[in-house]
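Visitor: Mind looking at a prediction? Sequence and model below.
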Amino acid sequence: MQFSQVQLCTGSTALAFSPKTFNEEFRACQHYYCHSYTHGTAKGSSTSSGLERNHALTALAGTTAGTISVNSIRFPVEMVKNPTITLYSYDGNINEVSVIAGATKKAVATATLNLSERCFTEITFDNSSAQAIAIGDQIIFHYISDAELE
């Protein structure tokens, strides 16, 4: 037995079947889950495709944990609630970003702050890597934004 073109409707009246396109379904899913990786790329992959490139707007000393401001990282669509953000360095390491100031260095990023359903504008570092971050340093990373409902 095979079924196709099935849909559930509320109420006692059946509506005409109206399939959604892949793009419509994909966009609807992004209210709950989205990422900077290109479609079909596994999280944690070492890839520059879809990479977020930003600049530090505030500085952080090399031995200090703290938060830096970055230009707004906007989600493709408004999420259903404030999401949980996971950051990945360009080479796929979880909870890291890559900081470029002459040479590339890694910094451990533990959270994002100033977060809303639309964007985030701050990254928190535990600075276990002891890397100083200066105003204007390039910060590159991938993100996963998850607003799963409990």
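Guide: Everything's here; your move. Treat the numbers as computed from the prediction; the structure is a model and nothing was measured.
Visitor: So what sits opposite L113 in the bridge?
Guide: Beta-bridge pairing for L113 (DSSP bridges): E122.
Visitor: Verify the stated contact: it with T67.
Guide: Yes: look at L113 against T67 with CB atoms under 8 Å: they come within range, at 5.8 Å. Every C-beta, even on glycine, is put in place using the N, C-alpha and C of the backbone.
Visitor: residues shared between the contacts of those two?
Guide: 122-124 (CB atoms under 8 Å, 6 or more residues apart in numbering).
Visitor: out of the residues you listed, who has the most neighbours?
Guide: The most crowded member of the shared contacts of L113 and T67, judged by other CB atoms under 10 Å, is I123 (28 neighbours).
Visitor: ok, now how distant is that one from P19?
Guide: According to CB to CB, to the nearest Å, I123 stands 40 Å off from P19.
Visitor: With distance to Q7 and pLDDT as new columns, can the shared contacts of L113 and T67 be given to me in a markdown table?
Guide: As requested, the shared contacts of L113 and T67 are exported to a markdown table (distance: CB to CB, whole Å; pLDDT from 0 to 100):
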| residue | distance to Q7 | pLDDT |
| --- | --- | --- |
| E122 | 42 | 90 |
| I123 | 42 | 88 |
| T124 | 44 | 85 |
